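Asker: I need the structure of the sequence given here:
(one chain, ligands or ions: 1)
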Amino acid sequence: MAVGIFDSGLGGLTVLQSVEARLPDVPLVYMADSAHAPYGVRTADDIYELTCAAVQRLFDEGCRLVILACNTASAAALRRMQESWVPTDRRVLGVFVPLIEAMTERRWGDNSPPREVEVKHVALFATPATVSSRAFQRELAFRAIGVDVEAQACGGVVDAIEEGDMILAEALVRSHVDALKRKMPSPDAAILGCTHYPLMQKTFQDALGPDVRVFSQAGLVADSLADYLVRHPDMLGEGKRRFLTTGTPERVSDRATQFLRRQIRFEAA
Ligand code: DGL
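Answerer: Next comes the predicted model:
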(Lines give C-alpha, C1' and ligand atoms only; values in the text may rest on other atoms or scores of the structure.)
Protein backbone atom coordinates (compact mmCIF):
# COMPACT_ATOMS: atom_id res chain seq x y z
CA MET A 1 0.00 0.00 0.00
CA ALA A 2 1.14 3.50 -0.75
CA VAL A 3 1.36 6.23 1.88
CA GLY A 4 -1.28 8.93 1.46
CA ILE A 5 -0.47 12.63 1.67
CA PHE A 6 -3.35 15.04 2.06
CA ASP A 7 -3.69 18.80 1.83
CA SER A 8 -6.52 21.19 1.04
CA GLY A 9 -4.56 22.18 -2.05
CA LEU A 10 -1.01 22.50 -3.31
CA GLY A 11 0.83 23.23 -0.05
CA GLY A 12 1.28 19.57 0.84
CA LEU A 13 3.42 19.19 -2.28
CA THR A 14 6.21 20.82 -0.24
CA VAL A 15 5.94 17.84 2.12
CA LEU A 16 5.57 15.32 -0.73
CA GLN A 17 8.76 16.63 -2.34
CA SER A 18 10.78 16.13 0.84
CA VAL A 19 9.28 12.69 1.47
CA GLU A 20 10.14 11.63 -2.10
CA ALA A 21 13.73 12.78 -1.63
CA ARG A 22 14.04 11.05 1.76
CA LEU A 23 12.11 7.84 0.88
CA PRO A 24 12.40 7.41 -2.90
CA ASP A 25 11.07 3.81 -2.83
CA VAL A 26 7.85 4.60 -0.97
CA PRO A 27 4.91 5.02 -3.36
CA LEU A 28 2.87 8.12 -2.49
CA VAL A 29 -0.72 9.04 -3.32
CA TYR A 30 -1.35 12.77 -3.04
CA MET A 31 -4.84 14.13 -2.49
CA ALA A 32 -5.66 17.84 -2.90
CA ASP A 33 -9.14 18.96 -1.91
CA SER A 34 -8.79 21.91 -4.28
CA ALA A 35 -12.55 22.33 -4.72
CA HIS A 36 -12.83 23.30 -1.05
CA ALA A 37 -9.54 25.18 -0.48
CA PRO A 38 -8.75 27.23 1.45
CA TYR A 39 -9.62 25.42 4.67
CA GLY A 40 -8.12 28.14 6.85
CA VAL A 41 -11.25 30.30 6.81
CA ARG A 42 -13.68 27.42 7.57
CA THR A 43 -15.18 26.27 10.86
CA ALA A 44 -13.67 23.33 12.77
CA ASP A 45 -16.74 21.17 11.95
CA ASP A 46 -16.45 21.93 8.28
CA ILE A 47 -12.70 21.17 8.28
CA TYR A 48 -13.39 17.88 10.10
CA GLU A 49 -16.04 16.74 7.56
CA LEU A 50 -13.93 17.69 4.54
CA THR A 51 -10.76 16.11 5.94
CA CYS A 52 -12.54 12.83 6.76
CA ALA A 53 -13.96 12.67 3.22
CA ALA A 54 -10.55 13.27 1.64
CA VAL A 55 -8.77 10.79 3.92
CA GLN A 56 -11.46 8.20 3.18
CA ARG A 57 -10.65 8.63 -0.52
CA LEU A 58 -7.00 7.81 0.30
CA PHE A 59 -8.06 4.79 2.36
CA ASP A 60 -10.14 3.65 -0.64
CA GLU A 61 -7.00 3.96 -2.75
CA GLY A 62 -5.36 1.39 -0.46
CA CYS A 63 -3.37 3.70 1.84
CA ARG A 64 -3.11 2.44 5.42
CA LEU A 65 -1.15 5.45 6.58
CA VAL A 66 -2.13 9.02 5.72
CA ILE A 67 -0.15 12.16 6.54
CA LEU A 68 -2.23 15.30 6.98
CA ALA A 69 0.22 17.62 5.23
CA CYS A 70 -2.05 20.46 6.28
CA ASN A 71 -1.65 22.31 9.57
CA THR A 72 -5.22 23.54 9.47
CA ALA A 73 -6.60 19.98 9.33
CA SER A 74 -3.97 18.80 11.84
CA ALA A 75 -4.97 21.58 14.24
CA ALA A 76 -8.74 21.57 13.77
CA ALA A 77 -9.62 17.95 12.96
CA LEU A 78 -6.88 15.40 13.68
CA ARG A 79 -7.50 14.74 17.34
CA ARG A 80 -11.26 14.27 16.77
CA MET A 81 -10.54 11.96 13.83
CA GLN A 82 -8.13 9.85 15.85
CA GLU A 83 -10.54 9.61 18.77
CA SER A 84 -13.69 8.73 16.87
CA TRP A 85 -13.26 8.09 13.18
CA VAL A 86 -9.99 6.43 12.08
CA PRO A 87 -10.42 2.61 11.76
CA THR A 88 -8.13 0.61 14.06
CA ASP A 89 -6.07 -0.82 11.18
CA ARG A 90 -5.31 2.62 9.70
CA ARG A 91 -3.22 5.57 10.88
CA VAL A 92 -3.53 9.29 10.31
CA LEU A 93 -0.61 11.50 11.40
CA GLY A 94 -0.31 15.29 11.48
CA VAL A 95 2.50 17.73 10.76
CA PHE A 96 2.59 19.76 13.97
CA VAL A 97 4.46 17.52 16.35
CA PRO A 98 7.67 16.94 14.30
CA LEU A 99 8.07 20.70 13.98
CA ILE A 100 7.61 21.35 17.68
CA GLU A 101 9.96 18.51 18.57
CA ALA A 102 12.64 20.05 16.35
CA MET A 103 12.12 23.48 17.84
CA THR A 104 12.26 22.14 21.39
CA GLU A 105 15.36 20.01 20.68
CA ARG A 106 13.61 16.68 21.24
CA ARG A 107 13.86 13.34 19.54
CA TRP A 108 10.70 11.58 18.34
CA GLY A 109 8.49 10.45 21.18
CA ASP A 110 10.54 12.09 23.95
CA ASN A 111 7.78 12.63 26.49
CA SER A 112 9.90 13.96 29.32
CA PRO A 113 8.54 16.99 31.23
CA PRO A 114 8.62 20.45 29.65
CA ARG A 115 11.96 22.26 29.97
CA GLU A 116 13.70 25.48 28.99
CA VAL A 117 14.87 25.58 25.37
CA GLU A 118 17.09 27.89 23.36
CA VAL A 119 14.36 29.80 21.53
CA LYS A 120 12.47 32.30 23.66
CA HIS A 121 10.46 34.46 21.26
CA VAL A 122 8.65 32.59 18.49
CA ALA A 123 6.62 34.05 15.66
CA LEU A 124 3.97 31.68 14.35
CA PHE A 125 2.59 32.27 10.84
CA ALA A 126 -0.46 30.16 10.05
CA THR A 127 -4.00 30.22 8.68
CA PRO A 128 -6.79 31.88 10.70
CA ALA A 129 -8.24 28.45 11.69
CA THR A 130 -4.85 27.15 12.88
CA VAL A 131 -4.19 30.30 14.90
CA SER A 132 -7.61 30.26 16.56
CA SER A 133 -7.29 26.53 17.44
CA ARG A 134 -4.24 27.36 19.65
CA ALA A 135 -3.07 23.80 18.88
CA PHE A 136 0.51 24.96 18.39
CA GLN A 137 0.69 26.65 21.80
CA ARG A 138 -0.91 23.57 23.42
CA GLU A 139 1.62 21.14 21.89
CA LEU A 140 4.47 23.50 22.74
CA ALA A 141 3.40 23.76 26.39
CA PHE A 142 3.78 19.97 26.73
CA ARG A 143 7.44 20.27 25.76
CA ALA A 144 8.87 23.69 26.65
CA ILE A 145 8.62 26.38 29.28
CA GLY A 146 9.34 30.08 29.04
CA VAL A 147 8.63 30.40 25.30
CA ASP A 148 6.69 33.45 24.24
CA VAL A 149 4.60 32.80 21.08
CA GLU A 150 3.06 35.54 18.96
CA ALA A 151 0.74 34.21 16.26
CA GLN A 152 -0.13 35.96 13.02
CA ALA A 153 -3.13 34.74 11.01
CA CYS A 154 -2.03 35.15 7.40
CA GLY A 155 -5.35 35.75 5.64
CA GLY A 156 -5.27 35.58 1.85
CA VAL A 157 -1.88 33.94 1.34
CA VAL A 158 -3.19 30.43 0.59
CA ASP A 159 -5.80 31.80 -1.85
CA ALA A 160 -3.14 33.79 -3.70
CA ILE A 161 -0.83 30.76 -3.97
CA GLU A 162 -3.68 28.51 -5.15
CA GLU A 163 -4.49 31.14 -7.80
CA GLY A 164 -0.83 31.25 -8.82
CA ASP A 165 -0.72 35.00 -8.02
CA MET A 166 2.75 35.08 -6.47
CA ILE A 167 3.01 38.88 -6.58
CA LEU A 168 -0.05 39.17 -4.36
CA ALA A 169 1.21 36.32 -2.15
CA GLU A 170 4.51 38.13 -1.67
CA ALA A 171 2.83 41.45 -0.81
CA LEU A 172 0.58 39.70 1.71
CA VAL A 173 3.50 37.85 3.34
CA ARG A 174 5.39 41.15 3.78
CA SER A 175 2.38 42.84 5.34
CA HIS A 176 1.77 39.89 7.71
CA VAL A 177 5.43 39.93 8.77
CA ASP A 178 5.17 43.69 9.42
CA ALA A 179 2.03 43.12 11.52
CA LEU A 180 3.79 40.40 13.51
CA LYS A 181 6.83 42.61 14.09
CA ARG A 182 4.62 45.34 15.53
CA LYS A 183 3.56 42.81 18.21
CA MET A 184 6.96 41.10 18.61
CA PRO A 185 9.79 43.28 17.27
CA SER A 186 12.62 40.74 17.61
CA PRO A 187 11.54 37.10 17.33
CA ASP A 188 14.44 34.65 17.44
CA ALA A 189 12.57 31.96 15.53
CA ALA A 190 9.67 31.82 13.11
CA ILE A 191 7.43 28.89 12.34
CA LEU A 192 5.91 28.56 8.89
CA GLY A 193 2.81 26.81 10.23
CA CYS A 194 1.09 26.19 6.92
CA THR A 195 2.45 23.83 4.28
CA HIS A 196 1.80 26.41 1.56
CA TYR A 197 4.23 28.89 3.13
CA PRO A 198 7.53 27.15 2.23
CA LEU A 199 6.64 28.16 -1.33
CA MET A 200 7.19 31.73 -0.02
CA GLN A 201 10.09 30.90 2.31
CA LYS A 202 12.53 33.37 0.72
CA THR A 203 10.04 36.21 1.18
CA PHE A 204 9.43 35.29 4.83
CA GLN A 205 13.19 35.10 5.51
CA ASP A 206 13.85 38.33 3.67
CA ALA A 207 11.09 40.22 5.53
CA LEU A 208 12.10 38.75 8.91
CA GLY A 209 15.81 39.38 8.44
CA PRO A 210 18.82 37.05 8.57
CA ASP A 211 18.88 36.71 12.37
CA VAL A 212 15.54 34.94 12.59
CA ARG A 213 15.71 31.17 12.26
CA VAL A 214 12.85 30.03 10.05
CA PHE A 215 11.48 26.53 10.71
CA SER A 216 9.49 24.91 7.94
CA GLN A 217 7.97 21.48 8.09
CA ALA A 218 8.72 19.58 4.92
CA GLY A 219 12.12 18.08 5.84
CA LEU A 220 11.13 17.49 9.46
CA VAL A 221 7.98 15.60 8.48
CA ALA A 222 9.95 13.46 5.99
CA ASP A 223 12.47 12.53 8.71
CA SER A 224 9.78 11.65 11.20
CA LEU A 225 7.89 9.59 8.59
CA ALA A 226 11.10 7.65 7.83
CA ASP A 227 11.47 7.02 11.54
CA TYR A 228 7.84 5.91 11.85
CA LEU A 229 8.10 3.49 8.93
CA VAL A 230 11.15 1.81 10.44
CA ARG A 231 9.06 1.12 13.54
CA HIS A 232 5.86 0.27 11.61
CA PRO A 233 6.93 -1.49 8.39
CA ASP A 234 3.42 -3.00 8.14
CA MET A 235 2.17 0.46 7.14
CA LEU A 236 4.13 0.16 3.92
CA GLY A 237 3.61 -1.95 0.82
CA GLU A 238 3.05 -1.94 -2.90
CA GLY A 239 0.94 0.74 -4.51
CA LYS A 240 0.62 3.07 -7.42
CA ARG A 241 1.81 6.67 -7.29
CA ARG A 242 -1.06 9.04 -8.07
CA PHE A 243 -2.07 12.66 -7.72
CA LEU A 244 -5.77 13.18 -7.05
CA THR A 245 -7.79 16.38 -6.82
CA THR A 246 -11.39 17.40 -6.24
CA GLY A 247 -10.67 20.44 -8.43
CA THR A 248 -10.08 20.74 -12.17
CA PRO A 249 -7.19 18.35 -12.91
CA GLU A 250 -5.67 20.40 -15.76
CA ARG A 251 -5.65 23.59 -13.73
CA VAL A 252 -4.23 21.93 -10.60
CA SER A 253 -1.61 20.08 -12.70
CA ASP A 254 -0.42 23.36 -14.26
CA ARG A 255 0.06 25.02 -10.87
CA ALA A 256 1.73 21.95 -9.36
CA THR A 257 4.10 21.73 -12.33
CA GLN A 258 4.94 25.41 -11.88
CA PHE A 259 5.68 24.96 -8.14
CA LEU A 260 7.66 21.73 -8.29
CA ARG A 261 9.32 22.60 -11.62
CA ARG A 262 8.59 19.16 -13.02
CA GLN A 263 5.64 17.62 -14.79
CA ILE A 264 2.86 16.62 -12.36
CA ARG A 265 -0.38 15.16 -13.68
CA PHE A 266 -3.41 15.24 -11.38
CA GLU A 267 -6.45 13.04 -11.94
CA ALA A 268 -10.02 13.63 -10.78
CA ALA A 269 -10.51 12.15 -7.30
N1 DGL B 1 -1.62 23.92 3.60
C2 DGL B 1 -2.70 24.15 4.54
C3 DGL B 1 -2.09 24.31 5.93
O4 DGL B 1 -1.00 23.78 6.17
C5 DGL B 1 -3.50 25.28 3.99
C6 DGL B 1 -4.78 25.48 4.65
C7 DGL B 1 -5.84 26.16 3.86
O8 DGL B 1 -6.37 25.53 2.94
O9 DGL B 1 -6.18 27.29 4.21
O10 DGL B 1 -2.66 24.88 6.83
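Asker: what does stretch 96-107 rub up against?
Answerer: Residues from elsewhere that reach stretch 96-107 (C-beta atoms under 8 Å, 6 or more residues apart in numbering): 71, 74-75, 108, 110, 112, 117-119, 122, 135-136, 139-140, 143-144, 189, 191, 193, 215, 217, 220-221, 223-224. Yep, even glycine has a C-beta here, placed from its N, CA and C like the rest.
Asker: could you redo the last one with a cut-off of 7 Å?
Answerer: Stretch 96-107 is contacted by residues 71, 74-75, 108, 117, 119, 135-136, 139-140, 143-144, 189, 191, 215, 217, 220-221, 224 when judged by C-beta atoms under 7 Å, 6 or more residues apart in numbering.
Asker: Show me which of the residues you listed are buried.
Answerer: 71, 74-75, 117, 119, 135-136, 139-140, 143-144, 189, 191, 215, 217, 220-221, 224 (16 or more other C-beta atoms under 10 Å).
Asker: what about the helices in the protein?
Answerer: With helices called from DSSP state H, the chain shows them at 13-22, 44-60, 71-76, 78-84, 96-103, 128-133, 135-143, 157-162, 166-183, 201-208, 218-231, 249-260.
Asker: mind checking which of those is nearest I5?
Answerer: Among the helices of the chain, the nearest to I5 by C-beta to C-beta is helix 13-22 (5.2 Å).
Asker: Off-centre distance for the closest one?
Answerer: Offset of helix 13-22 from its chain centre (C-alpha atoms, centre = their mean, to the nearest Å): 12 Å.
Asker: Direction-wise, compare it with helix 249-260 and give the angle.
Answerer: Here the directions of helix 13-22 and helix 249-260 differ by 60 degrees (axes from the mean of the first three to the mean of the last three C-alpha atoms, to 10 degrees).
Asker: buried set for helix 13-22?
Answerer: L13, T14, V15, L16, Q17, S18, V19, E20.
Asker: need the contact list for the fifth one.
Answerer: Applying C-beta under 7 Å, 6+ apart, we find Q17 in contact with A218, L260.
Asker: Briefly note if the one helix or strand in the chain whose mean pLDDT sits lowest comes near the ligand.
Answerer: None of the helices or strands of the chain scores lower by mean pLDDT, DSSP states H and E than helix 96-103, at a mean of 88. No: counting by C-beta under 6 Å from any ligand atom, no contacts exist between helix 96-103 and the ligand, the nearest distance being 9.7 Å.
Asker: separation between S175 and the ligand?
Answerer: Going from S175 to the ligand by C-beta to the nearest ligand atom, to the nearest Å gives 18 Å.
Asker: neighbours around that residue, how many?
Answerer: A count of nearby residues for S175, using other C-beta atoms under 10 Å, gives 14.
Asker: Quick check, pLDDT for it.
Answerer: Predicted confidence (pLDDT) for S175: 98.
Asker: And L220, by the same measure?
Answerer: 89.
Asker: Now for it: which residues touch it?
Answerer: Per C-beta under 7 Å, 6+ apart, neighbours of L220: P98, L99, A102.
Asker: And R241, by the same measure?
Answerer: R241 neighbours (C-beta under 7 Å, 6+ apart): A2, P27, L28, V29.
Asker: Which single one of those residues is nearest to D211?
Answerer: For these, the nearest to D211 is L28 (35.9 Å; C-beta to C-beta).
Asker: just checking, the closest one touches A21?
Answerer: No: if you go by C-beta atoms under 7 Å, L28 and A21 don't touch, sitting 11.6 Å apart.
Asker: Name the residues of the stretch 101-250 of the chain found near the ligand, please.
Answerer: T127, T130, V158, C194, T195, H196.
Asker: Quick one: those as a markdown table, columns for pLDDT and distance to D211 too.
Answerer: Shown next, in a markdown table, are these (pLDDT from 0 to 100; distance: C-beta to C-beta, whole Å):
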| residue | pLDDT | distance to D211 |
| --- | --- | --- |
| T127 | 97 | 26 |
| T130 | 96 | 25 |
| V158 | 96 | 27 |
| C194 | 96 | 23 |
| T195 | 95 | 25 |
| H196 | 95 | 25 |
